[in-house]
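> using only what follows, build the 3D model:
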Amino acid sequence: MKAKELRALTDEELKEKLKELKKKLMNLRFQNAVGGLEKPSEIKATKKDIARILTILRERELQAKGGGE
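Okay, here's the model as predicted:
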């Protein structure tokens with residue numbers, strides 16, 4: 001998911017998306033350990049999406065505190 005698309009979501013929607021992605025990552029890791037994962041690159045993409053969401057949430061938190069210094 002692109003950062004632009006994520007920025008359009010509210011904080012609550014981002015937090016919900018974060019929960020979903022963390023569950024997905026856990027399932028992907030489990031499948032990878034068992035040996036049935038078709039696209040191992042999906043793990044990396046999911047991690048990047050999680051990082052994007054956390055970054056956007058942190059930016060908003062800093063802006064709310066007063067300027068984002």
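> do you know the pLDDT at the residue nearest to the spatial centre of the chain?
The residue lying closest to the centre of the chain (C-alpha atoms, centre = their mean) is residue 50, at 1.9 Å. The pLDDT attached to residue 50 in the predicted structure is 97.
> which element is it on?
Assignment of secondary structure by DSSP states H and E places residue 50 within helix 41-66.
> just name whatever secondary elements that helix is in contact with.
Taking 3 or more C-beta pairs under 8 Å, 6 or more residues apart in numbering; DSSP states H and E as contact, the helices and strands that helix 41-66 lies on are helix 3-7, helix 11-34. Backbone N, C-alpha and C define where each C-beta goes, glycine included.
> for this structure, what are the low-confidence residue spans?
Filtered on pLDDT under 70, the chain yields the residue ranges 67-69.
> how far away is residue 44 from residue 52?
In this structure, residue 44 and residue 52 are 13 Å apart, going by C-beta to C-beta, to the nearest Å.
> more crowded one of the two?
Here residue 44 and residue 52 are set side by side on neighbour count (other C-beta atoms under 10 Å), and the busier one is residue 52, at 20 against 11.
> next, residue 38: secondary structure please.
Residue 38 carries the three-state label coil when classified by DSSP: H, G, I helix; E, B strand; the rest coil.
> could I get the phi/psi values of it?
Here the main-chain torsion angles of residue 38 (degrees, to the nearest 10) amount to phi -80, psi -40.
> next, work out how far apart it and residue 64 are.
When C-beta to C-beta is the yardstick, residue 38 and residue 64 sit 41 Å from each other.
> the two: which is more packed in?
Per other C-beta under 10 Å, whichever of residue 38 and residue 64 has more neighbours is residue 64, with 10 against 7.
> relative to residue 13, how far out is the more buried one?
Taken as C-beta to C-beta, the spacing of residue 64 relative to residue 13 amounts to 17 Å.
> do the same with residue 4
Distance check for residue 4 against residue 13: by C-beta to C-beta, it reads 15 Å.
> pick out whichever of the two has more residues nearby.
With neighbours defined as other C-beta under 10 Å, residue 4 and residue 13 compare such that residue 13 has more, 12 against 7.
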